[in-house]
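> Take a look and give me a structure for this.
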Amino acid sequence: MNVDLFDFELPEELIAQTPLVERTGSRLLTLNKRTGETQHGTFLDIEQYVQPGDLLVLNDTRVIPARLFGIKRDTGAKVELLLLKAIGDNRWEALAKPAKRLRIGTELAFGMDEAGEPLLRAVIEEEGEHGSRIVRFEYEGIFQELLDRLGEMPLPPYIKEKLDDRERYQTVYARHEGSAAAPTAGLHFTTELLEQLQRKGVGIAYVTLHVGLGTFRPMSVDTVEEHVMHSEYFELSETTAQQIVETKSRGGRIIAVGTTSARTLESAASMFTDGQVQACSGWTDIFIFPGYSFKLVDALLTNFHLPKSTLVMLVSALAGRDAIMQAYREAVALQYRFFSFGDAMLIY
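Okay, here's the model as predicted:
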């Protein structure tokens, strides 16, 4: 299957650069996956599309301020690291700039104390592809506190504006730190809206998937089947597993909030049979594209994604490529806002 099948024209001015004042203020495009019918409204209309007995599954990962700006200790040249995955013993997988100059053994420094000594030191231990590096940090104190002090939020490269409030790149239910990017479909929810849906009889459940390297890497192959996803850590609790099984048994729908929740659910489903999901955790590199048969996810709330991205392929697997491409053409024509801070789409 050719990657170009998932390409579309996207005017640059439709890429949302800042979040709306109100989290729930975005537009909502709905797509019926059986009929292909689309409708256009506002995000608060979502209450009309979820029913008592349905289960909303949200990713409660929390984005860390993973972008670090520092210097090479020998030359003073500027460097940048984007932390992607903790791999133990103070070692991280990271994207490095300028990667060509950051060879094994290179020492880096971030921030300075009153004595002019680095607050955070790092050494390059391994080189990977596409600018990735394994770095080992040395420091005194608590790493997360240093990261909060020195790091910046890792906004995607297509966002040029500075984010004034870090919390606007976090969901209101973010708990478990570890992501290099936000599960952006969840940014539309407020605590009040979630409580309102619960009063209607909609269940709320949480999974965790720490978004990593795959989010930042474009596809570099010609055919979909050649692409290899990078693994990301996920957790699904016993409580959530019970909620899923109970929802399915009474005929309710599993509505994934975001592609990360969908990937977590489908990864868990692949470990068990007949929908009898149990608590599980581990690393997943699941790649969902047309031809895939969903095991748990009945509906998906998501944002609008990059052309030729794995995420466009995932939503095409759920609704059909033709229906997705038509919906995206409508979204462009009606000037929907795209990507992380953009508008929402519900496939049901």
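
> moving C-terminal of the helix or strand harbouring Leu265, what's the next helix or strand?
Element membership for Leu265 (DSSP states H and E) is helix 259-269. Toward the C-terminus, helix 259-269 is succeeded by strand 280-284 as the next helix or strand (DSSP H and E).

> List the neighbouring strands of the helix or strand just after that next one plus their orientation.
Tracing the chain past strand 280-284, the next element assigned as helix or strand by DSSP H and E is strand 299-303. Looking at strand 299-303 with DSSP bridges, its partner strands are strand 254-257 (parallel), strand 344-347 (antiparallel).

> So which bits of the last one are buried?
Which is strand 344-347. Ala344, Met345, Leu346, Ile347 (16 or more other C-beta atoms under 10 Å). In this view, the C-beta of every residue, glycine as well, is placed from N, C-alpha and C.

> Just the CA trace of that strand, in CSV.
C-alpha atoms of strand 344-347 as CSV (Å, rounded to 0.1, in the frame of the first residue of the first chain):
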residue,chain,number,x,y,z
ALA,A,344,-11.5,17.5,17.0
MET,A,345,-13.0,14.7,15.1
LEU,A,346,-15.2,11.9,16.3
ILE,A,347,-15.4,8.6,14.4
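
> What mean pLDDT does that strand get?
Average pLDDT, strand 344-347: 98.

> thinking again about what came up before, please name whichever of the strands paired with strand 299-303 is nearest to His40.
strand 344-347 (10.4 Å; C-beta to C-beta).

> Can you tell me how far Glu226 is from Val50?
Glu226 sits 37 Å away from Val50, taking C-beta to C-beta, to the nearest Å as the criterion.

> Counting neighbours, go ahead and name the busier of those two.
The residue with more neighbours, out of Glu226 and Val50, is Val50; 22 against 11, by other C-beta atoms under 10 Å.

> still on that earlier bit, output the buried residues of strand 344-347 as a markdown table; include the columns distance to Glu80.
Below are the buried residues of strand 344-347 laid out as a markdown table (distance: C-beta to C-beta, whole Å):
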| residue | distance to Glu80 |
| --- | --- |
| Ala344 | 31 |
| Met345 | 33 |
| Leu346 | 37 |
| Ile347 | 36 |
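
> Check whether Ala96 really touches Val79, as I assumed.
Yes: under the criterion of C-beta atoms under 8 Å, Ala96 makes contact with Val79 at 7.0 Å.

> Give me the common contacts of these two.
Leu102 (C-beta atoms under 8 Å, 6 or more residues apart in numbering).

> Show me what Leu120 bridges to in the sheet.
Per DSSP bridges, the residues bridged to Leu120 are Phe110, Tyr139.

> Which residues belonging to the strand or helix carrying Val123 are considered buried?
Per DSSP H and E: Val123 is located in strand 118-127. Buried residues in strand 118-127, counted by 16+ other C-beta under 10 Å: Pro118, Leu119, Leu120, Arg121, Ala122, Val123, Ile124.

> Alright, I will stop here.
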